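>>> Structural data only, the sequence is not supplied:
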């Protein structure tokens, strides 16, 4: 630890840390917030309008067709789910691995997870032909005695994603409790005190509280850990279980998980870099944090690149003419531009992260993170569309492109995500106050927590 | 009705009136979403009636509240139509509610009848099948017969008698006619002209004869845009008298087609296809095949079965026939000079083959081929001794064969000269489809009284004083002769929906006072004709059978005129000289010069089916295009012109020009362009309006089927065409497995060996046991012509919606059964292969495992059942279907709002709503009907008792359905054939639909067997 720069700028005490973070919530709202939230809110309206149109007209307003039965809808679903992964990884796995640097980013990474899962959850519903009966996918005791068809990966998806959403919500909320109590205590507004007080669930900070709290938190972390691997593995089964060339591949689960973490960290960076600048939180989210995240991105990016390579290699090595055709078609066919863009975004550009100076420049990292976000979206698009549009019988081959409604749904979910994010940073501490206090030098000197 | 409501309804109507086709379907939905229209629908009372008044006191409030409560229960019923449900007082013996009845009737196309059986549910005709006993259909149908049902219920059909555009009545029309006729009768009816299509109906013929007695100087003109003038003239030139020729493919071993699409088009195509297929299918122990040589000026579906195909521009066809005649040794015919070696060899080998099989060969000229070709074909068949065995000559089937173009020209001259006082157009649309050089419309306007009886208000109606709605063939009594002369009775299935009257009833206005009804006219005629005591027995029998037994024309001997062949050759020579001279004077770059081939559209014919959504959405057999026509070009020609499919080109001929999108059709002869007429209707219903381009302006009376000197050039712009199959190479995949009969004899299992199927025990989940029935289908690719009858039959049987051009362009057509077309070989002259693909009903179905709600599940008989009510619409099943046979209701495609369309639906099949997946069910409703019948009679279901809709319609009997658990069933035996293979079997799907490899029988002298 000695060689590395500290995780928190020198000169802070428990009191100043608490002051600084809680001030964001308790002080007045900055003017830019209204502008930013207003913009996001407009996109939420666009989202609602789109859904209204969709429910009135039917899923035919999207570009999907036969043979390409899934398009932007499922691409967006997988993209959003993937983004969520970084949150869980940071909060759970890094906690268990005692990576203390996570303490300043875990809170909003978890929030990001939650909101991303919410956005992701929209798509399986809206892509349905009859969204009003989406509850048939849940195993509820129907009076007619019908159950979901448990062999279908879509049912596994329902379990995976709903578990994930539940655990993420719990984890996030449990993590918030001590900070909610801090806000309750510090707030001068009576209404806020009541709301924060109720949410804090009677937290008094007694040793007994802390003892129970720590065990509960660790247990949730333990529960959340397998989810990091399982959720995206299950999502990848949607494709891997299918028999379509380009989907039917055993490498999908690990490579999807790596991809998810890759895109998740990209999204954390996309959010953290502007936020710390806007709120002057460079002392808490230091360049070292950014560097660490860049390294995770580089590592997962390499795994993803390996996945691409193995897919292509296996198509050739497996000597299956359908796989081979699919691979060549992906690289040279009508969607070659999307394919090569994804390679550029996900494999080529992240290699810049080998350069230390690149990792140290927040602006540069921000750009790379955006590129990776785009690349990961393209990856799912390419997997879904290029595999489906030319499968087995050339007679049924077709082309796919999104419609304006596809775009507006996607942009709408970005609006929902941002709006929730802005509400979050305005009303809740975006950095975990008590966990920041735990990494203060004074906490160490006193022996403090482990 | 208040103003607002009236306005709102008015505007709704106005909005709908301007729409057509796909827009109409969409507009209805948009309209439904329109708030003002919604209000009209929702509100019982017009705006204003239900508003509270001012100054409401307590008493009044309580009164209203009480009343509201009392009426609350009633108000829920306000949107229900008022209907009385009354049971039969006396139940008709033969009617069992829920059980359909079949009636024999017929339809005519080009005047010729095809016998049909129509399924009727409680008085509503819903489905059409061929009449198994009728010689022209033998139980199968073509696409037009299948689509007749939709035409019957077409809401855009003419519904009103119009006098100068104003609503009138039949009574008024009759009164006006009886007032006008005496004046016309004064000069023997010299000013009267009746224009009909080709007439084979004995009764109509008799009525016209009667009219001629009453008006001796009256004129009768027959004209249809698709008529067989070449054949008629050819017969006259060859024999001096009109002669009808028909062919017996069951007895033939070698067929040479001279620009004939005889398996798919024409009055006898269904029967010919049946006999041809019977002679072409190969089974173990029966390894003989009829051989087909095709010379053609535009690719045809028939030629997809040809063993040897030669595509040449239309002007070359006569030369090849001439050469064939010379090779055969027709007297007075010498070999033409300078025939390219490839063509000369083709003709030489075909001739040698015909000679080897003399008496068992057929040389069949196309209906659209010029008269000389017909003359030479007569001479060749005569010379080969085919006449009497495979080629039969009979008296003409038509009541009065005439040269229709000449007949129409005379009429136009008369009209222009003011010699016509009254023109009655019966069922035809000459303003739209007459040869352009005649300028029919201008001449028509000179006639003082113009009457038009037609199914729809079309281009001609607009220029007629009286437009009268015609009764649909399924609404009227009539008769007509089939291709072989068999008198076919047409009986109505339903009272005219829109007050239409038949041609008989229309002519009766001029003959009888008061006019008689169709049944009376028909019976009267036949009572006289029969001249028998037991007429009633004959009548009932014929009505039941659908035709008059024994009315077929027996073959007769006609003496071929000796010099006919030589005359034909000199005519060919002269025509070629004229063409060369014309080309020399025409100037312009020779690369732009194209011969133009005119053909009726394969699905909407001459334009009369333009408003039929089933036919509009039916992919053309070769191009797979829907909702449009195009200028078909050879790939080389397109390269030269620098056009891609969809680019606009201008085509000019004889001083008239049209604009058309180009379409590159592999196998199209270079130097020619094919345009199909029938599209570009300007006055027709909502479905057909604005589709395609009108090709009639290029057609002149001198060049009805081909024009020797047109020019084409590229013009800016594109037209987006909706094609259901964009990729036509097999990409090295063994989809349609093709082999020669020699290969089959050497290695009968060659097709099966092309791909390795995994072992039967390879599954993750436990397999199914099929203890009762196990349904399966076998499709013989050796005989599939790609005629599409199965596709329309499936649409009609299974209530499959029409989605419109825009949705087809998005890849959302709903056909459960499609015919895939692949090309193999060089793009200038490839082999075309047809492959019908419906749900394979896989035993290990990839769709079933992935459905999250179990909406598609395995039945105990091996069907992949779709449970529409359970489907949530994830489309995962479709994604995972290797055959992509599943269809999804992306929007509300089924028209649930037009009441009349509901009548035509099959009540045994669910009408699917938006958001659910659907697919072929092997016509499970028919399986269940048979199961119930068998259980009631306490017997097993018999093999062949269940026929799927596609199987029933198939003219070549390529599709066979049955129980594969029954080793003796037809389908089980077919699946045991060595040529049987499954599509994509390596995926371990175990398809229940399997194919018999496509076998060819090439002449070893032309195509030596590869070793």
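Ah, there it is. Not measured: the values here are computed from a predicted model. Numbers count the residues shown, from 1 in each chain, chains lettered A, B, ... in the order given.

>>> residue of chain A with the smallest distance to chain B?
Nearest residue of chain A to chain B: residue A:129, at 1.9 Å (C-beta to the nearest C-beta). Using the backbone N, CA and C atoms, a C-beta is placed for each residue, glycine as well.

>>> quick one: contacts for that residue?
Residue A:129 makes contact with A:58-59, B:871-875, B:888-890, B:914-917, according to C-beta atoms under 8 Å, 6 or more residues apart in numbering or on different chains.

>>> Using the three-state scheme, assign residue B:750.
coil (DSSP: H, G, I helix; E, B strand; the rest coil).

>>> So, low pLDDT: which residues of the stretch 351-450 of chain A?
Residue ranges of the stretch 351-450 of chain A with pLDDT under 70: A:443-450.

>>> ok so, going back, which ones among the contacts of residue A:129 are found in strands?
Taking DSSP state E, the ones among those that sit in strands are B:888, B:917.

>>> Tell me the buried residues within the contacts of residue A:129.
A:58-59, B:871-875, B:888-890, B:914-917 (16 or more other C-beta atoms under 10 Å in any protein chain shown).

>>> Columns pLDDT on top of those residues, output as TSV?
As requested, these are arranged in TSV below (pLDDT from 0 to 100):
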residue	pLDDT
A:58	92
A:59	94
B:871	94
B:872	94
B:873	93
B:874	94
B:875	93
B:888	95
B:889	95
B:890	94
B:914	93
B:915	93
B:916	94
B:917	95
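
>>> Reformat those as TSV; add distance to residue B:829.
Converted to TSV, the buried ones among the contacts of residue A:129 look like this (distance: C-beta to C-beta, whole Å):
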residue	distance to residue B:829
A:58	45
A:59	44
B:871	46
B:872	49
B:873	45
B:874	45
B:875	40
B:888	38
B:889	41
B:890	39
B:914	45
B:915	46
B:916	44
B:917	40
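
>>> So which of these sit within helices?
Among the buried ones among the contacts of residue A:129, no member falls in helices (DSSP state H).

>>> between those, which is closest to residue B:860?
Within the buried ones among the contacts of residue A:129, proximity to residue B:860 (C-beta to C-beta) peaks at residue B:871, which comes in at 20.7 Å.

>>> Surely that closest one is in contact with residue B:919?
No: at 10.9 Å, residue B:871 and residue B:919 do not qualify as touching, with contact defined as C-beta atoms under 8 Å.

>>> Local confidence estimate at the closest residue to residue B:398 other than its chain neighbours?
Among residues not flanking residue B:398 along the chain, residue B:200 sits closest, at 5.4 Å (C-beta to C-beta, 6 or more residues apart in numbering or on different chains). For residue B:200, the pLDDT comes out at 93.

>>> swap in the one 10 residues further on?
Per-residue confidence at residue B:210 stands at 92 (pLDDT).

>>> likewise residue B:41?
For residue B:41, pLDDT reads 49.

>>> Equivalent analysis for residue A:250, please.
So, for residue A:250, pLDDT stands at 89.

>>> So what's the residue count around it?
Neighbour count of residue A:250, defined by other C-beta atoms under 10 Å in any protein chain shown: 9.

>>> my read: it touches residue A:241, true?
No: in this structure, residue A:250 is not within contact of residue A:241 by C-beta under 8 Å, at 10.7 Å.

>>> for chain B, where's the lowest mean pLDDT among helices and strands?
Between all helices and strands in chain B, the lowest mean by mean pLDDT, DSSP states H and E belongs to helix B:21-33, at a mean of 48.

>>> Angles on the backbone of the residue of chain A most remote from its centre, please.
Most distant residue from the mean C-alpha position of chain A: residue A:395, 38.8 Å away (C-alpha atoms, centre = their mean). Phi and psi for residue A:395, reported as degrees, to the nearest 10, are phi -60, psi -30.

>>> for it, what are its contacts?
Per C-beta under 8 Å, 6+ apart, neighbours of residue A:395: B:725, B:727, B:728, B:735, B:818, B:820, B:821, B:822, B:835, B:837.

>>> Now, those that are in helices?
Among those, no member falls in helices (DSSP H).

>>> Can you sort out which of the residues you listed also neighbour chain A?
When contact is defined as C-beta under 8 Å from any C-beta of the partner chain, the contacts of residue A:395 meet chain A at B:725, B:727, B:728, B:735, B:818, B:820, B:821, B:822, B:835, B:837.

>>> In TSV, list those along with pLDDT and neighbour count.
Shown next, in TSV, are the ones next to chain A among the contacts of residue A:395 (pLDDT from 0 to 100; neighbours: other C-beta atoms under 10 Å in any protein chain shown):
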residue	pLDDT	neighbour count
B:725	89	20
B:727	85	15
B:728	86	22
B:735	91	21
B:818	94	25
B:820	93	25
B:821	93	23
B:822	93	24
B:835	94	22
B:837	95	23
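
>>> quick one: which of these is nearest residue B:781?
Among these, and counting by C-beta to C-beta, the member closest to residue B:781 is residue B:835, at 6.2 Å.

>>> just checking, that closest one touches residue B:822?
Yes: Residue B:835 is within contact range of residue B:822, at 7.1 Å (criterion: C-beta under 8 Å).

>>> what touches both of the two?
Common neighbours of residue B:835 and residue B:822, using C-beta under 8 Å, 6+ apart, are A:395, B:735, B:736.

>>> what's near enough to touch the closest residue to residue A:240 other than its chain neighbours?
Of all residues not flanking residue A:240 in the chain, residue A:252 sits nearest, at 4.1 Å (C-beta to C-beta, 6+ apart). Applying C-beta under 8 Å, 6+ apart to residue A:252 gives the contacts A:236, A:237, A:239, A:240.

>>> switch the cut-off to 7 Å
When contacts are counted by C-beta atoms under 7 Å, 6 or more residues apart in numbering or on different chains, residue A:252 touches A:236, A:239, A:240.

>>> where along the stretch 801-950 of chain B do the helices fall?
Here the stretch 801-950 of chain B has its helices, by DSSP state H, counting those that start in this stretch, at B:805-809, B:846-850, B:876-879, B:899-903, B:924-936, B:949-953.
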